[in-house]
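Q: predicted model follows, preceded by the sequence.
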Amino acid sequence: MHAAVLHELGTPHFDDFPDPVAGPGEVVVTVAAAGLNPIDVSRAAGTFYGGPPPLPSVVGSEAVGRVAGRLGRVYLTGSVAPYGAMAERTLVREETLMPVPDGVDDGLAVAFGIAGLAAWLPLAWRTSVAPGETVLVLGATGVVGQIAVQAAKLLGAGRVVAAGRSEEGLARASARGADATVAFGELQGAELTEAFRDAADGDVDLVLDPLWGMPAAAALDALANSGRLIQIGQSAGATAELSSAAIRGRLREIRGHTNTLVPPDVRAEAYATLLGHAAAGRIVVDVEALPLWDVEEAWAKQRAGGGRKLVLVP
Ligand SMILES: NC(=O)c1ccc[n+]([C@@H]2O[C@H](COP(=O)([O-])OP(=O)(O)OC[C@H]3O[C@@H](n4cnc5c(N)ncnc54)[C@H](OP(=O)(O)O)[C@@H]3O)[C@@H](O)[C@H]2O)c1
């Protein structure tokens with residue numbers, strides 16, 4: 001079969017790969033669209049904290065597709081190695097599949113998988129948004145961030161501040177419901193904290209943080225007493241310099257989140273909820289589809305950013 005194959009750490013190539021054969025508890029899924037996420041790029045590069053992939057292997061962490069003899073589409077994440085989602089067919093544990101209802105196309109159903117869950121679950125499961133709270137979304141120009149802006153509103157936030165680098169991405173966040181935006185520009189440290197507070201009209205109650213690094217440290221300083229920062233990624237840096245007083249002195253909390261450690265029933269319920277919002281047009285995200293043979297171009301586009309979910313179609 002055709003697949004995006006990683007032969008050495010770096011960028012995968014369009015190639016042939018042996019077809020998967022299902023063992024006990026496993027199913028073969030015919031892939032309709034596979035999502036590209038930052039984790040795929042870092043895993044293929046060997047820089048993901050969870051360790052490098054086996055070589056050779058098929059890349060890709062999520063897809064929508066079909067199982068022979070079964071009605072309807074399924075969403076999958078976490079293929080059985082060395083198979084990955086970016087292939088004509090992949091291999092998964094049957095109990096990990098989630099149904100995809102009619103009313104959302106393949107690309108959207110992929111976008112609300114890893115990215116959608118990373119936006120929704122931190123706000124709805126790792127913590128909750130109390131009615132009227134002010135939520136600051138860092139990296140609101142990315143796929144997770146733009147979903148999080150809309151999710152925060154749906155979950156009851158009174159004011160949502162979108163922050164990021166790209167002016168175009170911030171304009172999109174405004175169009176999708178952000179009440180105010182903060183462009184990082186040259187702002188650093190205390191100046192950035194002040195910009196967050198200005199945009200929030202006061203202290204921030206909750207931060208969704210896919211960035212870490214300097215922006216997360218500045219956002220932490222903008223939190224109210226007992227405010228929470230939910231940490232989900234490190235697009236701006238693997239480390240951040242935080243003062244003890246910034247956390248201790250105001251009873252603030254930093255909580256981590258990774259989709260992979262969420263109980264399956266919580267994940268399935270959240271995914272169904274997100275697809276309901278997507279089908280009703282309450283959460284919108286841009287999707288760009290590329291043919292699977294163009295996987296190297298997809299890698300380059302993901303590295304360059306752009307704020308749309310890239311999907312590969314076999
Ligand atoms: N914990 C989980 O389960 C989970 C799940 C999914 C994703 N994530 C993580 O969440 C993060 C965002 O994912 P995504 O799918 O939204 O990716 P994406 O669409 O590629 O967006 C990347 C975001 O990071 C920003 N960014 C990149 N480099 C930056 C820098 N040096 N300084 C400041 N901002 C920077 C981009 O800002 P501009 O566009 O403004 O340049 C953009 O907002 C990634 O780190 C990803 O690994 C975690």
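A: Looks like it arrived, so ask away. Given the structure is predicted, the values throughout are model-derived calculations rather than measurements.

Q: residue 190 in helix, strand or coil?
A: With DSSP: H, G, I helix; E, B strand; the rest coil as the basis, residue 190 sits in helix.

Q: against residue 163, how distant is it?
A: 15 Å (Cβ to Cβ, to the nearest Å). Backbone N, C-alpha and C define where each C-beta goes, glycine included.

Q: quick one, which of these two is more surrounded?
A: Neighbour count, other Cβ atoms under 10 Å: between residue 190 and residue 163, residue 163 has more, with 30 against 10.

Q: what is the lowest-mean-pLDDT helix or strand in the chain packed up against?
A: Least confident helix or strand of the chain, by mean pLDDT, DSSP states H and E, is helix 244-248 with a mean of 92. On a contact count with 3 or more Cβ pairs under 8 Å, 6 or more residues apart in numbering; DSSP states H and E, helix 244-248 meets helix 213-221.

Q: for the helix it packs on, the distance to its chain's centre please.
A: The chain centroid and the centroid of helix 213-221 are separated by 20 Å under Cα atoms, centre = their mean, to the nearest Å.

Q: which residues touch that helix?
A: Helix 213-221 is contacted from outside by 136, 138-139, 163, 184, 187-190, 192-193, 196, 204, 207, 209, 229, 231, 234, 236-242, 246-247, 252, 254, using Cβ atoms under 8 Å, 6 or more residues apart in numbering.

Q: out of the residues you listed, list just those in helices.
A: In helices, judged by DSSP state H, the following of the contacts of helix 213-221 are found: 189-190, 192-193, 196, 246-247.

Q: now, the most widely separated pair of those residues?
A: Maximum pairwise distance among those (Cβ to Cβ): 17.7 Å, between 192 and 247.

Q: who has more neighbours, the two?
A: Applying other Cβ under 10 Å to residue 192 and residue 247 shows that residue 192 carries more neighbours, namely 22 against 15.

Q: give the buried residues for the helix or strand harbouring residue 5.
A: Using DSSP states H and E, residue 5 maps to strand 2-6. Within strand 2-6, the residues scored as buried using 16 or more other Cβ atoms under 10 Å are 3-6.

Q: got those as a markdown table, with distance to residue 109 columns?
A: Below are the buried residues of strand 2-6 laid out as a markdown table (distance: Cβ to Cβ, whole Å):
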| residue | distance to residue 109 |
| --- | --- |
| 3 | 21 |
| 4 | 20 |
| 5 | 25 |
| 6 | 25 |
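
Q: and the strand holding residue 5, what does it pack against?
A: strand 13-16, strand 57-58.

Q: rebuild those as a markdown table, extending it with mean neighbour count.
A: Shown next, in a markdown table, are those (neighbours: other Cβ atoms under 10 Å):
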| stretch | mean neighbour count |
| --- | --- |
| strand 13-16 | 14 |
| strand 57-58 | 24 |
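
Q: can I get these in TSV with mean pLDDT?
A: Listed next are those as TSV, based on pLDDT from 0 to 100:
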stretch	mean pLDDT
strand 13-16	98
strand 57-58	98
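
Q: and the ligand, which of these is closest to it?
A: strand 57-58 (19.4 Å; Cβ to the nearest ligand atom).

Q: residues from the protein in reach of the ligand?
A: Taking Cβ under 6 Å from any ligand atom as the contact definition, the chain meets the ligand at 37-39, 114-115, 118, 139, 141-145, 164-166, 169, 210-211, 215, 232-236, 257-259, 305, 307.

Q: sorry, back to before: looking at the buried residues of strand 2-6, which is nearest residue 123?
A: residue 4 (31.9 Å).

Q: show me what contacts that closest one?
A: Residue 4 neighbours (Cβ under 8 Å, 6+ apart): 12-15, 58-60, 84, 86-87, 292, 295, 312.

Q: go on, residue 109?
A: Counting by Cβ under 8 Å, 6+ apart, residue 109 has contacts 33, 64, 73, 75, 100, 275, 278.

Q: once you drop chain neighbours, what's closest to the residue nearest the centre of the chain?
A: Nearest to the mean C-alpha position of the chain, by Cα atoms, centre = their mean, lies residue 115 at 2.5 Å. Closest residue to residue 115 apart from its sequence neighbours, by Cβ to Cβ, 6 or more residues apart in numbering: residue 143 at 4.4 Å.

Q: next, count neighbours for the one you found.
A: Residue 143: 28 neighbours (other Cβ under 10 Å).

Q: next secondary structure element downstream of the strand or helix carrying residue 269?
A: Assessed by DSSP H and E, residue 269 sits inside helix 264-279. Sequence-wise, the next helix or strand downstream of helix 264-279 (DSSP H and E) is strand 287-291.

Q: list the buried residues for that following strand?
A: Result for strand 287-291 [16+ other Cβ under 10 Å]: buried residues residue 287.

Q: many thanks, we can stop here.
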